[in-house]
Each structure stands twice: as structure tokens, then as C-alpha cells.
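Peer 1: here you go, sequence then predicted model.
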Amino acid sequence: MKLESYGYKERVFKARRMTLAEMRIGVLQMLFEKHYSFAHIRLVDIYSGEVDTFKSTNDFLMADFNESWQIDLLSIKEMNIYDEEEKVSHVTIVILIEDAERDE
């Protein structure tokens, strides 16, 4: 299906294969360098559509994952998202991944 005719644009991602543990360590190092100990984190699996949400880097660090799970890291983006209920803006890190083992 050609979605370009409906106004969508094509974007190509470079996938970096790694374990979930390697990705988590790299992301946490990046966040601690920027002093983002209370950043919200969203881990998005684009194949299954699952979104895991964490309210802090500590929650992300302590989350119960299969650390040996092979993933393809597609993108990491930093955003400021305004929370209407709390009337405050949060730094939110969005991590796009895909299950690397689904191809095999």
C-alpha cells in the first residue's frame, strides 16, 4: 500500500541489534549524563504495539525484563510532554524497539 499518496512520508531507520540489557545500560548512562533522574520513559515495541511506561529512571532500571532478549533499537527521542492533570511538563524519553528474534 502506497501511503505517500495520502500525505505520509517514507522514513528509513537504522536498526542496532543488541540485548535489552545493553540497551537499558546505554539509555541509563545517557540519562544520568544529562541529570535526568526523573525523566518519564516509554518503551515502544513497534511490532507488537506494546508500550511500557516508566515514571522515572529508577523504575526503568528496576523493571523486570528478560535481559537476554535480542532487540533492534530503532530510535531514541527526547520530548517534553505537558501533563494536563499535574499542570507540568515532563521530559519523556521514547525508545522504539523491534523484536529481533521474530525474523528468525
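Peer 2: All right, it came through fine. Numbering: from 1, shown residues only.

Peer 1: contacts, neighbours, all on C-alpha from now
Peer 2: OK.

Peer 1: neighbouring strands for the longest strand along the chain, and are they parallel or not?
Peer 2: As assigned by DSSP state E, the longest strand anywhere in the chain is strand 70-83. Strand pairing for strand 70-83, using DSSP bridges, gives strand 16-19 (antiparallel), strand 88-99 (antiparallel).

Peer 1: distance of residue 27 from residue 56?
Peer 2: 12 Å (Cα to Cα, to the nearest Å).

Peer 1: same check, this time on residue 33
Peer 2: 15 Å.

Peer 1: tell me which of the two has more neighbours.
Peer 2: For residue 33 versus residue 56, the count of surrounding residues by other Cα atoms under 10 Å is larger for residue 56: 15 against 10.

Peer 1: residues contacting that one?
Peer 2: The neighbourhood of residue 56, defined by Cα atoms under 8 Å, 6 or more residues apart in numbering, consists of 37, 38, 39, 40, 41.

Peer 1: residue contacts, residue 58?
Peer 2: So residue 58 contacts 37, 38 (Cα under 8 Å, 6+ apart).

Peer 1: could the C-alpha coordinates of the helix or strand harbouring residue 58 be exported in CSV?
Peer 2: Following DSSP states H and E, one finds residue 58 within helix 57-62. This file holds the C-alpha atoms of helix 57-62, laid out as CSV (Å, rounded to 0.1, in the frame of the first residue of the first chain):
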residue,chain,number,x,y,z
THR,A,57,14.8,6.2,35.5
ASN,A,58,14.8,4.2,38.7
ASP,A,59,11.5,2.5,37.6
PHE,A,60,13.1,1.7,34.3
LEU,A,61,16.2,0.3,35.9
MET,A,62,14.3,-1.9,38.3
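
Peer 1: pull out the buried positions in it.
Peer 2: By 16 or more other Cα atoms under 10 Å, the buried positions in helix 57-62 come out as 57, 60.

Peer 1: average pLDDT for it?
Peer 2: For helix 57-62, mean pLDDT rounds to 90.

Peer 1: just stretch 33-52 next, same as before
Peer 2: 90.

Peer 1: and it, end to end?
Peer 2: Using Cα to Cα, the two ends of stretch 33-52 sit 23 Å apart.

Peer 1: if anything else comes up later, I'll come back, but that's it for now.
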